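> Pasting the sequence and the predicted coordinates here, then a few questions.
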Amino acid sequence: MKPFTTLTAIAAPIDMANIDTDRIIPVRFLRKLRSAEAGYQGYLFHDVRFDNAGQEKPDFVLNKPAFRHAGIIVAGANFGCGSSREGAVYALLDYGIRAVIAPSFGDIHYANELQNGMLPVTLPEEICRGLRDQLQSNPGATLAIDLPTQTVTDTEGTAHPFTIDPVYKERLLKGLDDIGLVLEQLPGIESFENNYHAERPWLA
């Protein structure tokens, strides 16, 4: 997966708590093929982003010109609650979202973001609210996220520190998912296997 170090991107404010994974991507779209040519970006927030005729709802934040190319979302508490569907992360990534900032996350969704190279940033409710206010007052403004220093810099230049488990931080910086983490130990694994079979030739 793509390493995550720093990100400066347009940020979209979503003033809503308890955004569940079915809102991020409705379950009926999970049967759709996901490929390099046909990603899940069109299904992101589908039922609040489009009307029954498939037309964009002009009031939804990602349909507004200033936020169409957002790479960061600033949301309310408990983002990604509900079912454990990894498709919710695919939809965010395919749209171009690399980070979500919120006061809290659904546990499984938080892990799914990390596993796919996204950065879920947890900041206090009052900080998130202040960020959303800034973004609403300055549509199209950017936020800067620095993973090595663990800071989010707002539109006024103020840096807000966040915490992340050191293991997850290292994996993001190196771009390692679970498989990549195992492959990093491949020389040791192969050495063990060779020695194990050399000492037990009857297993061959």
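That came through, no problem. Numbering: from 1, shown residues only.

> Name the residue closest to the centre of this structure, please.
Centroid check for the chain by C-alpha atoms, centre = their mean gives residue 118 as the closest residue, at 3.5 Å.

> Stretch 127-140 - what's its average pLDDT?
Per-residue pLDDT values across stretch 127-140 average out to 98.

> returning to that earlier point: would you mind confirming that the residue nearest to the centre of the chain makes contact with residue 92?
Yes: counting by C-beta atoms under 8 Å, a contact exists between residue 118 and residue 92, whose distance comes to 6.7 Å. No exception for glycine: its C-beta is placed from N, CA and C like everyone else's.

> Any chance you could list residues touching both of those two?
Common contacts of residue 118 and residue 92, defined by C-beta atoms under 8 Å, 6 or more residues apart in numbering, comprise residue 100.

> and the gap between the closest residue to residue 1 other than its chain neighbours and residue 27?
Excluding the flanking residues, the one nearest residue 1 by C-beta to C-beta, 6 or more residues apart in numbering is residue 117, at 3.8 Å. Here the criterion is C-beta to C-beta, to the nearest Å. By it, residue 117 lies 24 Å from residue 27.

> what about those two, which has more around it?
Neighbours were counted for residue 117 and for residue 27 using other C-beta atoms under 10 Å; residue 117 has more, 18 against 11.

> Could I get the contacting residues of the more buried one?
Residue 117 sits next to 1, 2, 3, 4, 93, 98, 172, 175, 177 when contact means C-beta under 8 Å, 6+ apart.

> of those, closest to residue 64?
Using C-beta to C-beta, residue 98 is the member of the contacts of residue 117 that lies nearest residue 64, at 19.8 Å.

> isn't the closest one right up against residue 70?
No: the pair residue 98 and residue 70 fails to qualify as a contact (C-beta under 8 Å) at a distance of 10.0 Å.

> Common neighbours of those two, please.
residue 9.

> and the longest strand for this protein?
Criterion DSSP state E: the longest strand present in the chain is strand 6-13.

> Which pLDDT value goes with the residue nearest to the centre of the chain?
The pLDDT attached to residue 118 in the predicted structure is 97.

> which one of residue 98 and residue 70 has more residues nearby?
The neighbour comparison of residue 98 against residue 70 (other C-beta under 10 Å) goes to residue 70, with 23 against 18.

> Return, as residue ranges, the portions of this structure with sub-threshold pLDDT.
Applying pLDDT under 70 to the chain flags residues 178-186, 188, 203-204.

> can you map out the helices along it?
Listed in chain order, the helices found in the chain under DSSP state H are 21-24, 46-49, 87-95, 107-115, 125-137, 166-174, 178-183, 186-199.

> So which of those helices has the densest surroundings on average?
With neighbours taken as mean count of other C-beta atoms under 10 Å, those reach their highest mean count in helix 87-95, at a mean of 23.

> That one vs helix 107-115, what angle?
Taking axes from the mean of the first three to the mean of the last three C-alpha atoms, to 10 degrees, one finds helix 87-95 and helix 107-115 inclined to each other by 40 degrees.
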